[in-house]
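> The following block contains a protein sequence and its predicted model.
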Amino acid sequence: MPKPEILDPQGKAVAGALPRLGFGQFASVRQGKRFELEVDGPVTDEILAAAREAGEHVLSNPVIEDVVAVYEDTQA
């Protein structure tokens, strides 16, 4: 992942597109070798399911990529 102080134009573009595609649950996105989606408030099962769906249908190319893991990062 890029260091936090490095600008992430791809992540910002994805964050702008997700609500238009029906995924309004995420406050920000960082993109590197993985995606990090941030939410405002608690992470629920519905949020995790939406993250997996976004990963499978929007954030990855299902022809050549698999969604490996979707989880809440409890390390803050």
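That came through, no problem.
> Can you list the low-confidence ranges for the protein?
By pLDDT under 70, the weakly predicted segments of the chain are 76.
> Tell me if residue 36 really is in a strand.
Yes - under DSSP: H, G, I helix; E, B strand; the rest coil, residue 36 falls within a strand.
> how much space between it and residue 71?
Plainly put, residue 36 is 11 Å away from residue 71 if you go by CB to CB, to the nearest Å. All C-beta spots, glycine's among them, are computed from the backbone N, C-alpha and C.
> biggest helix in the protein, by residue count?
As assigned by DSSP state H, the longest helix anywhere in the chain is helix 9-20.
> List of residues touching that helix?
Applying CB atoms under 8 Å, 6 or more residues apart in numbering, the contact partners of helix 9-20 are 24, 26, 28, 29, 30, 31, 35, 54, 58, 59.
> In what element of secondary structure is residue 28 found?
Applying DSSP states H and E as the criterion places residue 28 in strand 26-31.
> One more: residue 53?
In the assignment (DSSP H and E), residue 53 maps to helix 45-54.
> Check which residues of that helix are buried.
Buried residues in helix 45-54, counting neighbours by 16 or more other CB atoms under 10 Å, are found at 47, 50, 51, 54.
> So which elements touch it?
The contact analysis (3 or more CB pairs under 8 Å, 6 or more residues apart in numbering; DSSP states H and E) places helix 45-54 against strand 35-39.
> any idea of the angle the strand it packs on forms with strand 26-31?
160 degrees (axes from the mean of the first three to the mean of the last three CA atoms, to 10 degrees).
> Quick one: list the elements packing against strand 35-39.
strand 26-31, helix 45-54.
> if you set the cut-off to 10 Å instead, what comes out?
Using 3 or more CB pairs under 10 Å, 6 or more residues apart in numbering; DSSP states H and E, the elements in contact with strand 35-39 are helix 9-20, strand 26-31, helix 45-54.
> contacting residues for residue 75?
Residue 75 makes no contacts at all, as judged by CB atoms under 10 Å, 6 or more residues apart in numbering.
> Wait, a strand at it?
No - counting by three-state DSSP, residue 75 is not part of a strand but coil.
> Against residue 32, how distant is it?
The value you get for residue 75 to residue 32, if CB to CB is used, is 17 Å.
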